[in-house]
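Q: sharing a model prediction with you, sequence too.
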Amino acid sequence: SMPQPPAGGFVIEKSPDYVVSHVKERIVQTCDILGINSSTLKFVVILRDPLDRSVSDYLEWIVQSKLQGQKQFPSFQEKTIGVNGGVIKTALITNSYYSVHIKEWLETFSWNQLCIVDGGLFTADPYSEVVRLEACLGLPSYFKKDNFAFNKKRGFYCFSKGKKTLCMNKTKGRPHPDLPPDVISRLRTHFSPYDDDLY
């Protein structure tokens with residue numbers, strides 16, 4: 001259960017699946033139980049290229065399947081493109097229908113409660129996105145540009161403070177498989193209406 005925030009403080013909770021899951025009503029109910037005004041909540045939503053998101057979900061599915069003893073896996077294109085050339089609408093695909101999920105959340109929460117972070121920009125220039133996020137959350141400026149140091153070995157920025165440097169764990173930033181051009185084209189065409197609807 002969500003604890004009461006300390007006086008003048010905040011409670012933070014994170015999940016990679018909030019926006020694509022059906023928890024918004026449960027969040028409101030929890031707020032009612034705790035006597036918290038749900039309109040004071042803020043949600044940080046990181047959106048990335050929908051195709052990249054689908055491939056990442058596929059790689060995570062492989063990891064979880066291996067833990068359950070599975071040893072053979074269909075390719076990404078076999079999981080997403082049917083024999084007739086149509087897109088197979090499993091969660092690997094529908095999780096990237098950002099406009100659909102955002103609209104559902106806007107039935108319960110307002111736009112100013114959503115802090116949208118561009119996942120691509122966050123990877124390339126985390127400082128700029130963090131500054132925008134601080135403003136959206138109404139937080140005082142804390143981070144400095146030198147808090148973010150590029151790690152050549154990982155290929156990502158890491159958080160740096162003093163002599164300490166913290167990087168994402170190895171489950172983040174997994175290398176993606178090369179996809180056939182026709183699969184890329186088919187899926188980008190499929191995602192395009194949802195991207196257009198979002199912006």
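A: Nice, I can see it.

Q: so the spatially most central residue of the chain: helix, strand or coil?
A: Nearest to the mean C-alpha position of the chain, counting by C-alpha atoms, centre = their mean, stands I46 at 4.2 Å. Three-state call for I46 (DSSP: H, G, I helix; E, B strand; the rest coil): strand.

Q: now for it: which residues touch it?
A: Contact analysis of I46 by C-beta atoms under 8 Å, 6 or more residues apart in numbering lists 117, 119, 122. Any C-beta I mention is one placed from the backbone N, CA and C, and that applies to glycine too.

Q: name the element the last one belongs to?
A: With the criterion set as DSSP states H and E, the secondary-structure element containing F122 is helix 119-124.

Q: please identify the buried residues of that helix?
A: Along helix 119-124, these residues count as buried under the neighbour rule (16 or more other C-beta atoms under 10 Å): 119, 122.

Q: cool, stretch 180-198 as well?
A: Using 16+ other C-beta under 10 Å as the test for burial, stretch 180-198 gives 183, 186-187, 190-191, 194-195, 198.

Q: returning to that earlier point: could you point out the helix or strand that follows the helix holding F122?
A: Using DSSP H and E, the next helix or strand after helix 119-124 towards the C-terminus is helix 126-137.

Q: that's a helix at L59, yeah?
A: Yes - assessed by three-state DSSP, L59 belongs to a helix.

Q: burial measure for it, as a count.
A: Neighbour count for L59, taken as other C-beta atoms under 10 Å: 15.

Q: measure the closest residue to it other than its chain neighbours to G69 for me?
A: Of all residues not flanking L59 in the chain, R174 sits nearest, at 5.1 Å (C-beta to C-beta, 6 or more residues apart in numbering). According to C-beta to C-beta, to the nearest Å, R174 and G69 sit 21 Å apart.

Q: equivalent analysis for L34, please.
A: 41 Å.

Q: these two - which one has more neighbours?
A: Looking at L34 and G69 with other C-beta under 10 Å, you find the greater number of neighbours at L34, namely 13 against 6.
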